[in-house]
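**Q** could you look at this predicted model? Sequence included:
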Amino acid sequence: MNTIDTVQSTSRAHEYLELWVQLISEYLGNLMSAKVTAETAGAENFSGNAPEGSEKGVWICFSVDSAGGQAFYLSRRDAGQLAHYLRGQPAGQRTLPVPEERKALEDFFSQIAAKVPMTDWLGFDTELKISDSKGPEWEGAVKTSFRFSTAQGSLLLLHAQISTELASALQSAQETGEAGTN
């Protein structure tokens, strides 16, 4: 793959992740009755294929049939805080038991995934399925982080990555769609 293909593929993958960020911001904003904004924090927090400190956090991974996968990572602190918001509890209260916290996070990300029109993005009928909680076993082609905030301050830092297969499938679907419209 040459550099131009990589840049285009990465650009399409970033557009896809931006949709996720928009949906997450809207959901959190409704939940908190506050405007939630997100800004790209870049990929500088990644060491190899994992965010720094990932052994202490929570992974939410999705598979996309034969098109690879994507993964999200939250630090232990941010995962706990998000789980509290999702369960209608103020952050900073006693920590939820890990299974309840994980269930709340999986439900949240599954609700977001249900709003992502994968058929439109990939050009074939598929859906995102939660696949693993130990982190991606594939090498991330696209890695970036997003900081979600309200006027009161930072809420959480979400690390995201997309597999090479998913990035390629996103790009291929875009090229096929463009070829069909010309």
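**A** Arrived safely.
**Q** ok, the nearest residue to G140 once chain neighbours are set aside to V58 distance?
**A** Residue nearest to G140 in three dimensions, not counting chain neighbours: Q161, with 3.4 Å by Cβ to Cβ, 6 or more residues apart in numbering. Glycine gets a C-beta too; all of them are placed from N, C-alpha and C. According to Cβ to Cβ, to the nearest Å, Q161 and V58 sit 14 Å apart.
**Q** and for V142?
**A** 20 Å.
**Q** repeat for S145
**A** 15 Å.
**Q** which one's more surrounded, the two?
**A** V58 (22 against 19; other Cβ atoms under 10 Å).
**Q** ok, for G29, nearest residue in space, not its chain neighbours?
**A** Using Cβ to Cβ, 6+ apart, the nearest residue to G29 is V36, at 4.2 Å.
**Q** looking at it, the one you found is touching L23, isn't it?
**A** No. Applying Cβ atoms under 8 Å, one finds V36 not in contact with L23, separated by 11.1 Å.
**Q** neighbour count for these two, which is higher?
**A** V36 (19 against 16).
**Q** all strands of the protein, in order?
**A** 37-42, 46-47, 50-51, 58-63, 69-74, 129-132, 140-150, 153-163 (DSSP state E).
**Q** out of the ones you listed, which is closest to A104?
**A** Taking Cβ to Cβ, strand 58-63 is the member of the strands of the chain nearest to A104, at 10.5 Å.
**Q** partners of the closest one, with directions?
**A** strand 69-74 (antiparallel), strand 129-132 (antiparallel) (DSSP bridges).
**Q** off-centre distance for the shortest one?
**A** Spelled out, that is strand 129-132. 13 Å (Cα atoms, centre = their mean, to the nearest Å).
**Q** buried residues in that strand?
**A** By neighbour count on 16 or more other Cβ atoms under 10 Å, the buried set for strand 129-132 is empty.
**Q** touching it from outside, list them.
**A** Here strand 129-132 makes contact (Cβ atoms under 8 Å, 6 or more residues apart in numbering) with 59-64, 69, 106, 109-110.
**Q** give me phi/psi at the residue nearest to G29?
**A** Backbone torsions of V36, given as degrees, to the nearest 10, read phi -110, psi 130.
**Q** contacts only, for it.
**A** 25-26, 28-29, 148-150, 155.
**Q** and what of K56?
**A** Contacts of K56 by Cβ under 8 Å, 6+ apart are 75-76.
**Q** E137 versus that one, what's the distance?
**A** Counting by Cβ to Cβ, the gap from K56 to E137 is 19 Å.
**Q** ok, Y73 next?
**A** 14 Å.
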